[in-house]
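1. return atomic coordinates for the entry below.
(chains A and B)
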Amino acid sequence: MNAWLGFERRVALRFLREGRMQTLLIIVGVAAGVAVIAYISALINGLQSNTLAKTLGAQAHITLRSPDDVVLPARPTLPQGTALTETQPRAQRLRSVVNWQALLPLLEGHDNVAAVSPLVSGSGLALRGEAAQAIALMGVDLDRYDRIVGLRSKVVSGSARLSPGEAILGRELASDLGVRVGDRLTLQTGLVSDSVRVTALVDLGVKDLNRRTVIVPLRAAQSLLGLPGGATGLDLALKNVWTAQALAEDLRRQFPYKIESWQENNAQLVSALNAQSVSTAIIRGVVLVVVVLGIASVLVVSVVQKRREIGILRAMGTTRRQILRVFLVQGAVVGAVGSVLGIALAVLLVWLFTHFVRGSDGLPLFAITLPLATALQVAFIATLCGVLAAIAPARRAAAMDPAQAIRI
Amino acid sequence: MNQSNASSALIELNGVRKRYNVGLPNEAEVLHGLDLRVKRGEFIALIGPSGSGKSTLLNIIGLLERVTAGNYRLQGEEVNSLDDAGLTLRRRTSLGFVFQFHHLLPAFSALENVTLPVLMAEGRVGAKQLEHARELLAAVGLAQAMDKRPSELSGGMQQRVAIARSLVMAPPLVLADEPTGNLDTASSDDVFFLLRRMHAERGISFVVVTHDPRLAARCDRTVELIDGRIARDEPVVYPA
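-> I've put the predicted structure just below:
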């Protein structure tokens, strides 16, 4: 039989059982607090994951482009002189990333990089009969690009295929031009035009993108946009999206290209996510404080109620440390039992949300789950808070003068 | 330590003074230089009017309070210099307590109350110790009430449980503060008889505070306190 804290455990549990109603109330309080913390964590994580998935589903985590053309001074400014200049910014022409073929394996070799895809992008027109639509033309290697944005999973009609002379269109663009899978249309840029057959229609998640996007093989785009053998950029997908900013900064230090992370391209979204995270942390903190105060107040009352028992125990030879531990164990038990019930309640809330909360289209809003790690983390913190909450009452109990306590 | 010498004093108080609220305007001295020796195996009645300092003296002997001045030796050991942990350990191993209001823990059964000191000392109660506790409860006449909570027992029965609890660690000295003060005459006699029997069977010393002259007359020695001083300390002479 394990003697570890045997006395403290036994006395703590009996004390809790003796004040049954009080114990029940505080356990329910802790459970409610833990449930709120766990559920809100799951909800916000789900919401943020969903928002990120939708946002990053149609874009690269890091983009690498040629640096902008800048106006260079004809001569350096003299150190002692003052130069009064007025510079007209240069129009940016379509340029290829220098030496992109050599860069490709270099980037792919990076630990955190999941995929790299070269692309040629520019503007043009899509013509069919009398209809003409301004388009964003993208030339890609389908397999590589699929690893960046999961293009194949976005196909709503046809099958994703990009052989020479074939193209994939955004759903809305196809509708505007009146084309279906298998139909032909003409793509025209300032230089040349080409006829392509539509193999698939895709939904990129944003209507505006669907209305403009035409994806063709890399070589076709190079020829249409006058960049033979070139690539206007490289798109990178990362294993961990949150490292994009650091990696982009690292790459900027190494290469003379215009490199941007998804955070820089979506600053408002990142701010919104941060605000959400901070709000969640504040709510969690406030709830934890309430839980701590609840446990502490009940234990303070318990110490007062049990003065005589504490006095008897001290008279019989219970050390101050043992009395201290009796109340710390009570805090831990209340925290642990409350945590288990709270996690169960949070799981129920998550299930209810997943099954009964629907969007206007009748489909579930987004998936939320309570990961085991989060549940364990919340339960551990709540139990720890139970122990912390018990410190003040426990010290008070341990400091009690046995002779006085017995006289009461 | 001088435990091996059976004739030596179990308790030795020399010039013991106890003051409360020291340094405050309401400072008061309750004990004024007491000298007292208790030998092993003695059964002493501590009597005196209310406010004479009996409970204070008992608390000092029971290491629940410290002396303000003077010396206190328990089993030959000077205890004035011990810290709280040291006093607690001596209370656990050398002393048993029986209080006027039994002071059992209401959340524990009679048997659990008796085994509490063992649980406290060792963190668990072994089969042998459990058997010992059962024997003690049987010895105080509660073989049938071991699993009952204190609230299910009469006042006399509760006090018997408290007596069994005070004996479970086999201390050399049991201190009883008016153990029959809250009981009717019949129960008082029962409980007192039980204390005497335990004393006779186990050779344990008893210091019993009582207001009842009938019971005091059944002790071996009477120590009377008046106004914080020992007014009388003499053996009880039984009628021939």
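2. count the residues that sit near residue A:206.
-> The local packing count at residue A:206 equals 17, with neighbours defined by other C-beta atoms under 10 Å in any protein chain shown. (Each C-beta comes from the backbone N, C-alpha and C, glycine too.)
3. now it: how far from residue A:266?
-> Counting by C-beta to C-beta, to the nearest Å, the separation of residue A:206 from residue A:266 is 12 Å.
4. so where's the chain shaky on pLDDT?
-> The chain I'm using is chain A. Regions of chain A meeting the criterion pLDDT under 70 cover residues A:1-4, A:407-408.
5. try again with chain B
-> Counting by pLDDT under 70, chain B shows low-confidence ranges at B:1-8, B:102, B:238-240.
6. so which residue of it comes closest to chain A?
-> Scanning chain B for the residue nearest chain A gives residue B:92, at 2.5 Å (criterion: C-beta to the nearest C-beta).
7. need the contact list for that residue.
-> Taking C-beta atoms under 8 Å, 6 or more residues apart in numbering or on different chains as the criterion, residue B:92 is in contact with A:316, A:317, B:117, B:120, B:121, B:169.
8. tell me the buried residues in the helix or strand containing it?
-> Applying DSSP states H and E as the criterion places residue B:92 in helix B:84-94. Buried residues in helix B:84-94, defined by neighbour count with 16 or more other C-beta atoms under 10 Å in any protein chain shown: B:87, B:88, B:89, B:90, B:91, B:92, B:94.
9. now the helices: where do they sit in the stretch 1-150 of chain A?
-> Secondary structure of the stretch 1-150 of chain A (DSSP state H, counting those that start in this stretch): helices located at A:6-18, A:20-56, A:100-108, A:142-149.
10. redo these as CSV? Include distance to residue A:363 and mean neighbour count.
-> Putting the helices of the stretch 1-150 of chain A into CSV (distance: least, C-beta to C-beta, whole Å; neighbours: other C-beta atoms under 10 Å in any protein chain shown) gives the following:
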stretch, distance to residue A:363, mean neighbour count
helix A:6-18, 46, 20
helix A:20-56, 12, 19
helix A:100-108, 37, 14
helix A:142-149, 22, 20
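11. out of the ones you listed, flag the one nearest chain B.
-> Of all the helices of the stretch 1-150 of chain A, the one in closest proximity to chain B, counting by C-beta to the nearest C-beta, is helix A:6-18 (3.7 Å).
12. give me the contacts around that closest one.
-> With C-beta under 8 Å, 6+ apart, helix A:6-18 has contacts from A:23, A:302, A:306, A:309, A:313, A:318, A:322, A:325-330, A:333-334, B:105-108, B:119-120, B:122-124.
13. write out the residues of chain A neighbouring chain B.
-> Contacts of chain A with chain B, taken as C-beta under 8 Å from any C-beta of the partner chain, map to A:1-7, A:10, A:14-15, A:17-18, A:308-309, A:311-320, A:322, A:402-403, A:406.
14. distance from stretch A:83-91 to the middle of the chain?
-> Here the centre of stretch A:83-91 is set off from its chain's centre by 42 Å, with C-alpha atoms, centre = their mean, to the nearest Å.
15. going by neighbour count, list what's buried in it.
-> Counting neighbours by 16+ other C-beta under 10 Å, one finds that stretch A:83-91 has no buried residues.
16. for stretch A:331-348, same thing?
-> Of all the residues in stretch A:331-348, those buried under the rule 16+ other C-beta under 10 Å are A:331-343, A:345-347.
17. so which of those are in helices?
-> A:331-343, A:345-347 (DSSP state H).
18. and residue B:177, what are its bridge partners?
-> Legend: beta-bridge partners of residue B:177 under DSSP bridges are residue B:209.
19. where's it relative to residue A:139, distance?
-> For residue B:177 relative to residue A:139 (C-beta to C-beta), the value is 98 Å.
20. more neighbours: which of these two?
-> For residue B:177 and residue A:139, the more surrounded residue by other C-beta under 10 Å is residue A:139, and the numbers stand at 27 against 22.
21. list the contacts for the more buried one?
-> If you count contacts by C-beta under 8 Å, 6+ apart, residue A:139 has them with A:119-121, A:215-222, A:224-225.
22. list only buried entries from these.
-> A:119, A:120, A:121, A:215, A:216, A:217, A:218, A:220, A:221, A:222, A:224, A:225.
23. how about the fifth one, secondary structure?
-> Local secondary structure at residue A:216 is given as strand here, using DSSP: H, G, I helix; E, B strand; the rest coil.
24. so what's it bridging to?
-> Under DSSP bridges, the beta-bridge partners of residue A:216 are residue A:139.
25. and the residues of chain A next to chain B, which of them are buried?
-> Once neighbours are counted (16+ other C-beta under 10 Å), the buried part of these comes down to A:5-7, A:10, A:14-15, A:18, A:308-309, A:311-320, A:322, A:402-403, A:406.
26. buried stuff in stretch A:366-380?
-> Neighbour counts over stretch A:366-380 (16+ other C-beta under 10 Å) mark A:366, A:368, A:370, A:374, A:375, A:378, A:379 as buried.
27. closest to chain B among those residues?
-> For the buried residues of stretch A:366-380, with chain B as the reference and C-beta to the nearest C-beta as the criterion, the closest is residue A:379, at 26.7 Å.
28. how much space between the closest one and residue B:84?
-> Separation of residue A:379 from residue B:84 (C-beta to C-beta): 36 Å.
29. what's the answer for residue B:212, then?
-> From residue B:212 over to residue B:84 (counting by C-beta to C-beta), the distance is 34 Å.
30. backbone phi and psi for the closest residue to chain B within the stretch 301-408 of chain A, please?
-> Closest approach between the stretch 301-408 of chain A and chain B, counting by C-beta to the nearest C-beta: residue A:317, at 2.5 Å. As for residue A:317, its main-chain torsions (degrees, to the nearest 10) stand at phi 120, psi 20.
31. now do the residue in chain B sticking out farthest from the centre against residue B:53, distance only.
-> Residue farthest from the centre of chain B, counting by C-alpha atoms, centre = their mean, is residue B:25 at 32.9 Å. Using C-beta to C-beta, we find residue B:25 at a distance of 21 Å from residue B:53.
32. what residues does chain B have near chain A?
-> Within chain B, the positions near chain A by C-beta under 8 Å from any C-beta are B:59, B:62, B:64-65, B:84-85, B:88-89, B:91-93, B:97, B:99, B:103-108, B:116-117, B:119-124, B:165.
33. is it possible to mark the buried ones in those?
-> Buried members of the residues of chain B next to chain A, scored by 16+ other C-beta under 10 Å, are B:59, B:62, B:64-65, B:88-89, B:91-92, B:97, B:99, B:103-105, B:107-108, B:116-117, B:119-121, B:123-124, B:165.
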